[in-house]
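1. Mind looking at a prediction? Sequence and model below.
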Amino acid sequence: MVATDIARNWQEVREAVPSSVEVIAVSKTKPIEAVEVAYAAGARSFGENRVQELVGKHEALTDPAGGRSSEFEGLDWHQIGTLQKNKVKYIAPFVGLIHAVDEEGLLAEIDKRAATCGRRIPALLQLHIAQESSKFGLSEAELEALVDQLDGGAWPHVEVKGLMGMATFTSDEGQVAQEFGGLRKLFDRLAPGRGWDTLSMGMSGDWRIAVEEGSTMVRIGSSIFGTR
């Protein structure tokens with residue numbers, strides 16, 4: 001996709017999505033040049049699902065050692081895919097948000113690496129809401145157990161910002177709305193008093209439904225960068 005298309009697509013997406021909803025430009029598999037164009041058009045938060053690719057783009061664009069960080073001030077990297085515990089150390093020094101925390105062991109690893117870096121790493125807890133076994137996430141009971149531990153002071157170097165979930169890939173918009181709506185109800189019950197402000201639901205194909213159901217953050221890739 002040519003640069004003018006990416007810039008136009010970003011502007012169209014940003015105008016369509018309510019200003020109160022944060023848009024994560026999902027740049028996974030796309031070249032650094034695509035990130036540069038989207039940044040110039042106004043995008044600031046970029047999502048990657050492979051640690052190696054995320055680290056490479058970070059080093060090229062926003063690591064001071066790379067010499068270009070001043071050109072990309074405010075660019076924020078998000079780890080949006082399934083994250084293996086042994087890969088956390090590579091992104092801990094700089095990642096802006098880890099989207100898909102789905103087990104206690106991963107929380108513990110993020111906490112350990114964040115402490116080593118002298119920071120608190122923002123993260124979202126992923127709930128399994130789809131009627132698909134291929135989707136990842138915590139059950140509601142597992143989520144409740146983790147929240148109890150967080151309230152008790154566990155993992156002090158992880159800053160949980162809220163919840164995220166991925167709906168079933170289906171043309172049944174009613175089902176998608178029901179899944180997103182259920183996650184919103186859970187968020188509304190758990191967020192008060194905990195400082196949670198992020199409910200991440202919705203991608204290129206279903207973000208409108210997600211926003212209607214209360215999403216505060218959407219992850220959009222193909223509508224900005226083209227199909228993969």
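-> Ah, there it is.
2. SS state for Val211?
-> helix (DSSP: H, G, I helix; E, B strand; the rest coil).
3. Name the residue closest to the centre of this structure, please.
-> Geometric centre of the chain, nearest residue: His99, 3.9 Å, by CA atoms, centre = their mean.
4. mind checking the SS state of that residue?
-> Three-state assignment for His99 (three-state DSSP): strand.
5. Please report how far it lies from Thr227.
-> 22 Å (CB to CB, to the nearest Å). (Each C-beta comes from the backbone N, C-alpha and C, glycine too.)
6. Asp188 too?
-> With CB to CB as the criterion, Asp188 and Thr227 are 35 Å apart.
7. the more surrounded of the two?
-> Set Asp188 next to Thr227 and count neighbours by other CB atoms under 10 Å: Asp188 wins out with 12 against 8.
8. ok, for that one, nearest residue in space, not its chain neighbours?
-> Distances taken as CB to CB, 6 or more residues apart in numbering place Gly214 nearest to Asp188, at 7.9 Å, with adjacent residues excluded.
9. Can you give me every residue that contacts Arg14?
-> 23, 42-43 (CB atoms under 8 Å, 6 or more residues apart in numbering).
10. same deal with Ser45?
-> Neighbouring residues of Ser45 by CB under 8 Å, 6+ apart: 22-25, 76, 78, 96-97.
11. Name the nearest of those residues relative to Leu150.
-> For the contacts of Ser45, the closest approach to Leu150 (CB to CB) belongs to Leu97, at 16.5 Å.
12. Quick check, that closest one in contact with Gln79.
-> Yes - contact between Leu97 and Gln79 holds when scored by CB atoms under 8 Å: they sit 7.4 Å apart.
13. Can you report how many residues lie near Ser139?
-> For Ser139, the neighbour count with other CB under 10 Å is 11.
14. same question, Gly174
-> For Gly174, using other CB under 10 Å, the count is 9.
15. If you count residues, where's the longest strand of this protein?
-> strand 158-165 (DSSP state E).
16. I'd like to know which elements it is packed against.
-> Applying 3 or more CB pairs under 8 Å, 6 or more residues apart in numbering; DSSP states H and E, we find strand 158-165 packed against strand 97-101, helix 104-117, strand 121-126, helix 140-151, helix 173-190, strand 198-201.
17. Pretty sure Gly74 sits against Arg44.
-> Yes - applying CB under 8 Å as the test, Gly74 and Arg44 come out as touching, 5.2 Å apart.
18. the more surrounded of the two?
-> More neighbours surround Arg44 than the other of Gly74 and Arg44, with 16 against 8 (other CB under 10 Å).
19. can you pull the contacts of the nearest residue to the residue nearest to the centre of the chain once chain neighbours are set aside?
-> Leaving out its chain neighbours, the residue that sits closest to His99 by CB to CB, 6+ apart is Ile80, at 4.6 Å. Applying CB under 8 Å, 6+ apart, we find Ile80 in contact with 24, 26, 28, 47-49, 99-100, 219.
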